[in-house]
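Enquirer: only the shape, not the letters, is given here:
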């Protein structure tokens, strides 16, 4: 099938902002053949959106040029925004280009508006303008703000957007949302910011990896904890900048631009008091959820408490008015894996399988004093239990043909977890900072996994079968800490940094394996295994490092670095087998081991860099010397090895303009083989696949090349992001499998060249805002993945080349904060090619359509629908290929919006599935696991807030210069 991306051909101009019908309908012909349900949904999407967006008002255009009144030089990045004269409601805004020129366009029913001009370091200015199709203000001169008069209150203006060097700042109140909106709701209104349904935030194509509150961590670095829990009316400013390391932050370097950080500053009158939420719900099939959150603020101090319990795969930390009680198809809220596990920051729930019941208690504290200290810490206790039934159908590729395995498993498991972490940062003086970051985790786990597997040949003849039950009880304890001292040696950039890391882990496990393996055919046999295994694993790692920067001039510098690390691992594996003669468990010396494994690294490095205004780069080289030493006391074996590699890294960022940036990155990583890959002791946990390590393995080296280009036009509110990444792996450690005539496999490892993987694509966004009438966000894009996997089976080299392409289109339409419509569609093409002539290539397509609506009318009534259609075109027989997943919720706000009564229907059509297909160099596999199915729930959410302090800022606009035209 040839995919024609005609929807990318969108004409954007002043008189015809976009052709919505063309964008929505171009894919309809190809989509309607997929499924009749999909056709009906997409038709509704088109008709609903077209009928609403036909509402319009009068277009206007205000243009001109902003200059410095002292020398008439243009001011690039000045903010221009229009607001109503009567109540200061924001209509639209823009910024000036590199020539100081601006074009402020919009649509409103107002005849006149106030146009404001703002630029950092200059006095603000305002003019009242009669709105016409075209108004030319010519030159607007701005006067430099020389000083701030003592004793005069300076009233902050409602400038919607401000550009401050490397920081983009938005005024939260300038973006209209419903009264009870969260931070996530206002983020969706910001130009260049996208929020996925799972809460993932991107800014101009770059993912946000942390959200701070007043510069401090809020519970964890997971962005959704703050964005889903905090109300919009608490927030004054939303500041977006490149994520920086502690070192970059201390010395004033810019971040590499790979990720973004959002800092939320609280309003002055909201910075003293408390904010609380309580929610509880109960439904059919005994589904339930209960959670609570309490935040106490006192200037720089913050204390937070939370608790949660549910059995709907939900972490419970979100207070979204409609969807918080919705569980997940395979998770919901926080960070979720495709297999069903989920996490918030460092806190994980479940085993990554099926349906999880979880309970959590947590406390967090933060405080800071500028130029003296900054501290934060938290503690979590969590309990979870999971269950999951799986069905797996796998084609195993051999050089002479294939054989097939069908597996059914049933899993149950529980986890108890205690986690505590803190960050202690002290500024001894203006040039010295000491940081201590301890983290401790204690987990206790137990699980039981029953499995039945049958293997057949290409003619369907039964070759072998295996039935097993594996139970396990374990304890994991981990303590890690970093102590870091940074010292500035002068005012031009010279500094020294010393750090010490430690990581101490203890893992003990007691497991029992009972299995019966039957081999059929001409030489039938039966093997019964009753085995007990005890593992005591201790791992202690220490690293000491130092770095020194020598400036060469104001733009260039050199870095000198050295680190030494030592890792010692002691592993005792005791295996016993039941002996029918003696009736006791007998020590198995062949499968047991007791070894000491030590790794030492010496890494000197040197770098040349520049922090220019337009060009920033860092070119570095390091010489990694690695020594491995292993001794097994039971097997009476030992081996050692030494590796030395010269590795290079480079980072280049070039600013093409105020809104354009190009980034090129190259780095190399050396990965040492794991103990399990090196240790030549058989592992028979799966009697159909026995695994043995290879002590002769060498390290694998990964070369990564990354290219990023982003351009956000603040005047047009259009964004373009291009990216390309490639990983080339030299001496990759791959499995080498030998399969006998009974299809019983023995797997070891070997270093192999020729593996690579990469991903590339683009995204385009356009925001259209017309007064306070409606807002439209259009998102177009496509992603592509390529890979080559190399392995060996029965002495033959197997190669699998994979290509997948996923074009997508999405919209967000908001009308007067009364209705929000969010449709999206992704079409996937997947192709896998094998190097063996006897193996059939694999091609399949996927369709994913979502349609989400939320209405806030009538007043105090919130009605939400989230409909997702998924189709996988090439799953095998017995696996569900498609489903319509529909969640519906109705909420009624009570007691002046302090309480919300909600009714939820989850998976209304009872079609939720957990199916997928994966391919590798020697297999094609279909999977289906337990999914959370239909239930109905009623819930109640209660809010309570109390804030004191200095009160709301004065709203008068004194001090401005008004000019009437």
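Expert: Yes, it's here. Just so it is clear, the structure is predicted and the values come from calculations on it, not from any experiment.
Enquirer: so which residues of the stretch 251-400 of the chain form helices?
Expert: Read by DSSP state H, counting those that start in this stretch, the stretch 251-400 of the chain holds no helices at all.
Enquirer: dump the residue contacts of residue 933.
Expert: Applying CB atoms under 8 Å, 6 or more residues apart in numbering to residue 933 gives the contacts 907, 910, 912. To be clear about C-beta, it is placed using only N, CA and C from the backbone, and glycine gets the same treatment.
Enquirer: how close does it get to residue 913?
Expert: Shown here: residue 933 relative to residue 913, a distance of 10 Å by CB to CB, to the nearest Å.
Enquirer: can you point out the buried residues in stretch 97-107?
Expert: Using 16 or more other CB atoms under 10 Å as the test for burial, stretch 97-107 gives 97, 100, 102, 103, 104, 105, 106, 107.
Enquirer: so which of those residues is the closest to residue 509?
Expert: Comparing the buried residues of stretch 97-107 against residue 509 with CB to CB places residue 97 closest, at 62.7 Å.
Enquirer: and the buried residues of stretch 97-107, which is closest to residue 383?
Expert: residue 106 (53.1 Å).
Enquirer: point out where the stretch 651-800 of the chain drops to low pLDDT.
Expert: Scanning the stretch 651-800 of the chain with the threshold set as pLDDT under 70 gives 658, 715, 771-772.
Enquirer: show me where it has helices.
Expert: Counting by DSSP H, counting those that start in this stretch, the helices of the stretch 651-800 of the chain are 675-678.
Enquirer: what's the residue nearest in space to the middle of the chain in contact with, if anything?
Expert: Nearest residue to the geometric centre of the chain (CA atoms, centre = their mean): residue 200, 5.5 Å. Taking CB under 8 Å, 6+ apart, we find residue 200 in contact with 207, 223.
Enquirer: let's have the chain start at 12 instead
Expert: Sure thing, new numbering starts at 12, so read that last one as residue 211.
Enquirer: so how far is residue 836 from it?
Expert: The spacing between residue 211 and residue 836, counted by CB to CB, is 18 Å.
Enquirer: also residue 853?
Expert: Computed with CB to CB, the distance linking residue 853 and residue 836 is 24 Å.
Enquirer: again, but for residue 391
Expert: Distance, residue 391 to residue 836, by CB to CB: 38 Å.
Enquirer: please apply the same query to residue 242.
Expert: Relative to residue 836, residue 242 is positioned 32 Å away (CB to CB).
Enquirer: which one's more surrounded, those two?
Expert: residue 836 (23 against 19; other CB atoms under 10 Å).
Enquirer: of the contacts of residue 944, which is the nearest to residue 511?
Expert: Residue 511 lies nearest to residue 923 out of the contacts of residue 944, by CB to CB, at 49.2 Å.
Enquirer: and after the helix or strand hosting residue 78, which helix or strand comes next?
Expert: Assigned by DSSP states H and E, residue 78 belongs to strand 69-79. Sequence-wise, the next helix or strand downstream of strand 69-79 (DSSP H and E) is strand 90-94.
Enquirer: tell me the strands beside the following helix or strand past that following strand, with direction?
Expert: The helix or strand immediately downstream of strand 90-94 is strand 101-106, counting by DSSP H and E. Sheet pairing of strand 101-106 (DSSP bridges) gives strand 90-94 (antiparallel).
Enquirer: avg pLDDT for the partner strand?
Expert: Strand 90-94 comes out with an average pLDDT of 89.
Enquirer: tell me how far it lies from the chain's centre.
Expert: Centroid separation for strand 90-94 versus its chain: 34 Å, with CA atoms, centre = their mean, to the nearest Å.
Enquirer: ok, residues contacting that strand?
Expert: For strand 90-94, contacts defined as CB under 8 Å, 6+ apart pick out 73, 77, 100-107, 113, 115, 117, 124-130, 140, 169-174, 185.
Enquirer: doesn't residue 574 make contact with residue 553?
Expert: No: applying CB atoms under 8 Å as the test, residue 553 and residue 574 come out as separate, 11.0 Å apart.
Enquirer: looking at the two, which is more packed in?
Expert: residue 574 (18 against 14).
Enquirer: the more buried one: which element?
Expert: Counting by DSSP H and E, the element that carries residue 574 is strand 567-590.
Enquirer: check which residues of that strand are buried.
Expert: For strand 567-590, burial by neighbour count (16+ other CB under 10 Å) applies to 568, 570, 572, 574, 576, 578, 580, 582-587.
Enquirer: check stretch 490-510 too.
Expert: Applying a neighbour-count criterion of 16+ other CB under 10 Å, one finds 491, 493, 495, 497, 498, 499, 504, 506, 508, 510 buried in stretch 490-510.
Enquirer: looking at those residues, which are in strands?
Expert: Counted as lying in strands by DSSP state E, out of the buried residues of stretch 490-510, are 491, 493, 495, 497, 498, 499, 506, 508, 510.
Enquirer: out of these, what pair is the most spread apart?
Expert: Counting by CB to CB, the most remote pair of those is 491 and 499, 27.2 Å apart.
Enquirer: pLDDT (mean, whole number) over the strand holding residue 78?
Expert: 91.
Enquirer: other SSEs contacting that strand?
Expert: Strand 69-79 is packed against strand 90-94, strand 112-119, strand 146-153, with contacts defined by 3 or more CB pairs under 8 Å, 6 or more residues apart in numbering; DSSP states H and E.
Enquirer: those strands: lowest mean pLDDT?
Expert: If the helices and strands packed on strand 69-79 are sorted by mean pLDDT, strand 112-119 sits at the bottom with a mean of 86.
Enquirer: what does that one contact?
Expert: So strand 112-119 is in contact with 25, 67-77, 85, 89, 91-93, 102-107, 126, 142, 726, 780-782, 784, going by CB under 8 Å, 6+ apart.
Enquirer: which strands border that strand, and is each parallel or antiparallel?
Expert: Within its sheet, strand 112-119 is paired with strand 69-79 (antiparallel), according to DSSP bridges.
Enquirer: could you check the angle the partner strand makes with strand 146-153?
Expert: Compare the direction of strand 69-79 with that of strand 146-153 by axes from the mean of the first three to the mean of the last three CA atoms, to 10 degrees and you get 30 degrees.
Enquirer: surely residue 288 meets residue 306?
Expert: No: Residue 288 is not in contact with residue 306 according to CB under 8 Å; the separation is 9.0 Å.
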